[in-house]
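Engineer: Got a sequence here, can you model it:
(2 chains)
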Amino acid sequence: SQKIEQNSEALNIQEGKTATLTCNYTNYSPAYLQWYRQDPGRGPVFLLLIRENEKEKRKERLKVTFDTTLKQSLFHITASQPADSATYLCALDMSGSARQLTFGSGTQLTV
Amino acid sequence: DAGVIQSPRHEVTEMGQEVTLRCKLISGHNSLFWYRQTMMRGLELLIYFNNNVPIDDSGMPEDRFSAKMPNASFSTLKIQPSEPRDSAVYFCASSPGLAGGTGELFFGEGSRLTVL
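Structural biologist: This next block holds a predicted model:
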């Protein structure tokens, strides 16, 4: 069955360091992958999208990589700040229709 | 734009009661998604609409759940009768059409449902 796994439920990191979050998926080849941020009591907020033909995408202190061979995406936050503390979710379209996102369980980052 | 608006933000009800959750889409978006989030199962897609038409409701857990989109800007999710295991945060999200968007979802702030 199709599956999305995020590396750990919680990640603690020192301010100023780079946080690296992992998203692995199985049994599918998505056309793109998305990352969202969710704060307590709030809805998820879109951060970045990376397509299957892109190796890397950057936005300010955020960087996402997408390795379709390994079936893995890495999400990096450089120079992390306490304000980066949140739960980060990866999401894939696993339906083939480019319309339905399946979300990973999320990684809770504490800086 | 005000973003996706959900109501109520919090609902506490007793088992067996009917619950109606409401969602107003972002103007111009033509896809609407209902998700449910729990600690155990994370974010699960319940149903999605495109141009007011339900496309896939395979995530709706039981016949007790129903969703409608009476017009292009509004949707409801109804649970009748409600059960304690329905307790969760229900999110509505909208998305522009494929031609104008990248599949990015815009979420509301959620409706936290507690069924006693």
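
Engineer: Test my guess that residue A:108 contacts residue A:10.
Structural biologist: Yes - here residue A:108 reaches residue A:10: they are 4.6 Å apart, a contact under Cβ atoms under 8 Å. Backbone N, C-alpha and C define where each C-beta goes, glycine included.

Engineer: who's more crowded, these two?
Structural biologist: Neighbour tally, residue A:108 and residue A:10, criterion other Cβ atoms under 10 Å in any protein chain shown: the higher count belongs to residue A:108, 16 against 10.

Engineer: what about residue B:44, distance to chain A?
Structural biologist: If you measure residue B:44 against chain A using Cβ to the nearest Cβ, to the nearest Å, the figure is 8 Å.

Engineer: The helix or strand encompassing that residue packs against which elements?
Structural biologist: Secondary-structure element containing residue B:44, defined by DSSP states H and E: strand B:42-50. Contacting strand B:42-50 under the criterion 3 or more Cβ pairs under 8 Å, 6 or more residues apart in numbering or on different chains; DSSP states H and E are the following elements: strand A:101-103, strand B:31-38, strand B:53-56, strand B:65-71, strand B:74-79.

Engineer: which parts of stretch A:72-89 are buried?
Structural biologist: Neighbour-count burial for stretch A:72-89 flags A:72-77, A:80, A:84-89 (criterion: 16 or more other Cβ atoms under 10 Å in any protein chain shown).

Engineer: What parts of chain B come near chain A?
Structural biologist: B:4, B:31, B:33, B:35, B:42-43, B:45, B:48, B:50, B:55-56, B:91, B:93, B:95, B:98, B:102-110 (Cβ under 8 Å from any Cβ of the partner chain).

Engineer: ok, of these, which come out buried?
Structural biologist: Of these, these count as buried by 16+ other Cβ under 10 Å: B:4, B:31, B:33, B:35, B:42-43, B:45, B:48, B:50, B:55-56, B:91, B:93, B:95, B:103-110.

Engineer: quick one: the closest residue to chain B within chain A and residue B:18, what's the gap?
Structural biologist: Here chain A gets closest to chain B at one residue, residue A:43, 3.3 Å apart by Cβ to the nearest Cβ. Separation of residue A:43 from residue B:18 (Cβ to Cβ, to the nearest Å) stands at 24 Å.

Engineer: Between these two, which is the more surrounded one?
Structural biologist: Set side by side, residue A:43 and residue B:18 give different neighbour counts by other Cβ under 10 Å, the larger being at residue A:43 (22 against 11).

Engineer: How about the contacts made by the closest residue to residue A:36 other than its chain neighbours?
Structural biologist: Distances taken as Cβ to Cβ, 6 or more residues apart in numbering or on different chains place residue A:44 nearest to residue A:36, at 3.9 Å, with adjacent residues excluded. For residue A:44, the residues meeting the contact criterion (Cβ atoms under 8 Å, 6 or more residues apart in numbering or on different chains) are A:36, A:37, A:38, A:89, A:103, B:43, B:91, B:105, B:107.

Engineer: Check what pLDDT residue A:44 gets.
Structural biologist: According to the per-residue confidence, residue A:44 scores 97 in pLDDT.

Engineer: gap between it and residue B:37?
Structural biologist: In this structure, residue A:44 lies at 9 Å from residue B:37, with Cβ to Cβ as the measure.

Engineer: shared neighbours, the two?
Structural biologist: Counting by Cβ under 8 Å, 6+ apart, the contacts common to residue A:44 and residue B:37 are B:43, B:91.

Engineer: Many thanks, we can stop here.
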